[in-house]
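Peer 1: Only the shape, not the letters, is given here:
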């Protein structure tokens, strides 16, 4: 495996020196996409929110700012991501408003029926079986809670399809595919939006 391929494969589960390099650019590199995704949320006042596939922790930090009365759980499959997300959100962890956990979205180690909002930015590309993982998310959401998915790829753009061929286990889903999996997982309302000039998509589902 060439060095470039090894580097981009860190997107899936950052580890070691290359993983640290990947994570160092994630917070800034995905900021505009994440902020665009956040704009699509309805007015909410969740007491508990979770960011799954939290990477280096920036979006969990944005949830803490956006909802100053909420506690936020950040979770990632990568132990290195967990370490970096803890460093990024250390002040809020110390204040008792944030926790960062290592976990698997296919069997979420989080409290059932307790979250008002769950977010997933640039991560479902790697989730092992969308319908099962989405069912897990539905299980931790309160009735009426929301699930926000935000992807840089709409599943058809050439650049992302190229990365799909480079990065092991990556799959770029269309909004229609995501919507179908959410409905199969039991979400009652699903709404998708596409950026006006970029292949970005956001899908918001209500339990």
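Peer 2: Now that the structure is in, tell me what you want to look at. Note that the structure is a prediction, hence the values are computed from the model and not measured.
Peer 1: Can you tell me the element residue 85 falls in?
Peer 2: helix 79-88 (DSSP states H and E).
Peer 1: Quick check: next helix or strand after that helix?
Peer 2: Per DSSP H and E, the first helix or strand lying C-terminal to helix 79-88 is helix 90-94.
Peer 1: what stretches of the chain score poorly on pLDDT?
Peer 2: Low-confidence segments of the chain (pLDDT under 70): 1-29.
Peer 1: Enumerate the beta-bridge partners assigned to the spatially most central residue of the chain.
Peer 2: The centroid of the chain falls nearest to residue 120 when counting by C-alpha atoms, centre = their mean (2.0 Å). Residues in a beta bridge with residue 120, per DSSP bridges, are residue 149.
Peer 1: Enumerate every residue touching it.
Peer 2: The neighbours of residue 120, taking C-beta atoms under 8 Å, 6 or more residues apart in numbering as the test, are 51-53, 137, 147-150. The way it works is simple: take the backbone N, C-alpha and C, and place the C-beta from them, glycine included.
Peer 1: same question, residue 117
Peer 2: So residue 117 contacts 41, 44, 46, 49-50, 63, 67, 70, 145-148 (C-beta under 8 Å, 6+ apart).
Peer 1: same check, this time on residue 137
Peer 2: For residue 137, the contact set (C-beta under 8 Å, 6+ apart) comprises 52, 105, 108, 118, 120, 147, 185.
Peer 1: Let me know the closest of the residues you listed to residue 132.
Peer 2: Set against residue 132, the nearest of the contacts of residue 137 by C-beta to C-beta is residue 185 (8.0 Å).
Peer 1: Return the backbone torsion pair for the closest one.
Peer 2: Per-residue torsions, residue 185: phi -80, psi 0 (degrees, to the nearest 10).
Peer 1: Surely it and residue 127 touch.
Peer 2: No. Residue 185 is beyond contact range of residue 127, at 11.6 Å (criterion: C-beta atoms under 8 Å).
Peer 1: The two: who's more crowded?
Peer 2: Between residue 185 and residue 127, counting by other C-beta atoms under 10 Å, residue 127 is the more crowded of the two (24 against 21).
Peer 1: separation between that one and residue 67?
Peer 2: Distance, residue 127 to residue 67, by C-beta to C-beta, to the nearest Å: 24 Å.
Peer 1: for residue 207, same thing?
Peer 2: 18 Å.
Peer 1: Comparing the two, which residue is more hemmed in?
Peer 2: Set residue 207 next to residue 67 and count neighbours by other C-beta under 10 Å: residue 207 wins out with 23 against 19.
Peer 1: Tell me where the protein has strands.
Peer 2: 48-52, 71-76, 98-102, 115-121, 141-151, 189-194, 201-206 (DSSP state E).
Peer 1: Would you mind putting those strands into TSV with distance to residue 91 alongside?
Peer 2: As requested, the strands of the chain are arranged in TSV below (distance: least, C-beta to C-beta, whole Å):
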stretch	distance to residue 91
strand 48-52	17
strand 71-76	12
strand 98-102	9
strand 115-121	20
strand 141-151	24
strand 189-194	33
strand 201-206	28
